[in-house]
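Enquirer: With the sequence up front, the predicted model follows.
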Amino acid sequence: FEESCLVKTGLVISLGHNRNSCPCQDYDKQITTIVDKSGVHTHKIKYCRCADAPTTDIQLCQIGLFPASFAQPKTAFTF
């Protein structure tokens with residue numbers, strides 16, 4: 001057994017569009033630290049970039065993550 005993280009496997013969490021990939025051409029994936037009761041985890045998150053998409057902090061809240069900041073969240077906590 002060797003400790004690893006899901007970011008190394010290529011896992012990307014897509015927000016918006018029922019967790020499917022956003023059809024907009026902006027494929028920016030942001031590395032985000034997620035703090036959970038099981039530990040601290042690193043994930044790649046792909047935010048919805050459609051014109052009518054909510055802000056990134058709201059997108060995180062919609063999936064049960066509370067952002068540490070509201071402007072450009074890089075850390076979030078489960079709740």
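Expert: The structure has been received and is ready for your questions.
Enquirer: Name the residues of stretch 33-40 that are buried.
Expert: Within stretch 33-40, the residues that count as buried by 16 or more other CB atoms under 10 Å are residue 34. Quick note: C-beta positions are derived from backbone N, CA and C, even for glycine.
Enquirer: what about residue 51, distance to residue 22?
Expert: 11 Å (CB to CB, to the nearest Å).
Enquirer: Which secondary structure elements does the strand or helix carrying residue 40 sit against?
Expert: In this assignment (DSSP states H and E), residue 40 forms part of strand 39-46. Packing partners of strand 39-46 (3 or more CB pairs under 8 Å, 6 or more residues apart in numbering; DSSP states H and E): strand 12-14, strand 29-36.
Enquirer: picking that back up, who's more crowded, residue 51 and residue 22?
Expert: Ranked by neighbour count (other CB atoms under 10 Å), residue 51 and residue 22 place residue 22 first, with 17 against 5.
Enquirer: quick one: stretch 3-11 to chain centroid distance?
Expert: 14 Å (CA atoms, centre = their mean, to the nearest Å).
Enquirer: export it as PDB, just CAs?
Expert: The C-alpha trace of stretch 3-11 is given here as PDB (Å, rounded to 0.1, in the frame of the first residue of the first chain):
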ATOM      1  CA  GLU A   3      -0.400   6.700   0.000                       C
ATOM      2  CA  SER A   4      -1.400   8.800  -3.000                       C
ATOM      3  CA  CYS A   5      -4.000  11.400  -3.900                       C
ATOM      4  CA  LEU A   6      -6.800  11.500  -6.400                       C
ATOM      5  CA  VAL A   7      -5.200  14.400  -8.300                       C
ATOM      6  CA  LYS A   8      -2.500  12.000  -9.500                       C
ATOM      7  CA  THR A   9      -5.100   9.700 -11.000                       C
ATOM      8  CA  GLY A  10      -6.400  12.500 -13.200                       C
ATOM      9  CA  LEU A  11      -9.800  12.900 -11.400                       C
END
